[in-house]
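*Asks:* Quick one, structure for this:
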Amino acid sequence: MKAIWNNQVIAESNDTVVVEGNHYFPPSSIKKEFFKETATRTSCPWKGEASYYSLEVDGRENKDAAWYYPQASELAKNIEGHVAFWKGVEIVQ
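*Replies:* Numbering: from 1, shown residues only. This next block holds a predicted model:
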């Protein structure tokens with residue numbers, strides 16, 4: 001699977017985990033040069049607290065377009081640290 005934004009592959013892996021229709025990419029599969037941590041946090045009742053990244057590609061920013069669970073709940077340990085996307089990020093095979 002590939003995550004693409006602004007015509008740039010920002011993550012690529014054959015080992016994503018699908019939860020609630022979202023592909024979660026292993027941390028080692030993201031191209032860190034395009035990711036910038038933000039202060040945004042949200043809470044999921046069964047996964048825990050999510051942290052966010054903004055994407056920066058070719059001078060364009062996509063704020064809080066990626067999220068991950070740094071300390072997932074026991075029910076979501078299989079995605080702990082994995083990164084998922086929204087806000088126009090295309091996921092393709």
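*Asks:* State the distance from Lys36 to His23.
*Replies:* Separation of Lys36 from His23 (CB to CB, to the nearest Å): 21 Å. Bear in mind the C-beta positions are built from the backbone N, C-alpha and C, glycine included.
*Asks:* Tell me which of the two has more neighbours.
*Replies:* Remark: of Lys36 and His23, His23 carries more neighbours, 18 against 14, as counted by other CB atoms under 10 Å.
*Asks:* my guess is the more buried one meets Ile91, correct?
*Replies:* Yes. Contact criterion CB atoms under 8 Å: His23 and Ile91 qualify, at 5.2 Å.
*Asks:* Find the residues that touch each one of those two.
*Replies:* Common neighbours of His23 and Ile91 are listed as Met1, Ala3, Phe85 (criterion: CB atoms under 8 Å, 6 or more residues apart in numbering).
*Asks:* So which of those belong to strands?
*Replies:* Counting by DSSP state E, the members of those that fall within strands are Ala3, Phe85.
*Asks:* I'd like the distance from stretch 59-66 to the chain centre, please.
*Replies:* Here stretch 59-66 shows a centroid-to-chain-centroid distance of 12 Å under the convention CA atoms, centre = their mean, to the nearest Å.
*Asks:* Likewise for stretch 59-77?
*Replies:* Chain-centre distance of stretch 59-77: 5 Å, with CA atoms, centre = their mean.
*Asks:* Quick one: end-to-end distance for it.
*Replies:* Terminal residues of stretch 59-77 are spaced 34 Å apart (CA to CA, to the nearest Å).
*Asks:* Good, we can wrap up now.
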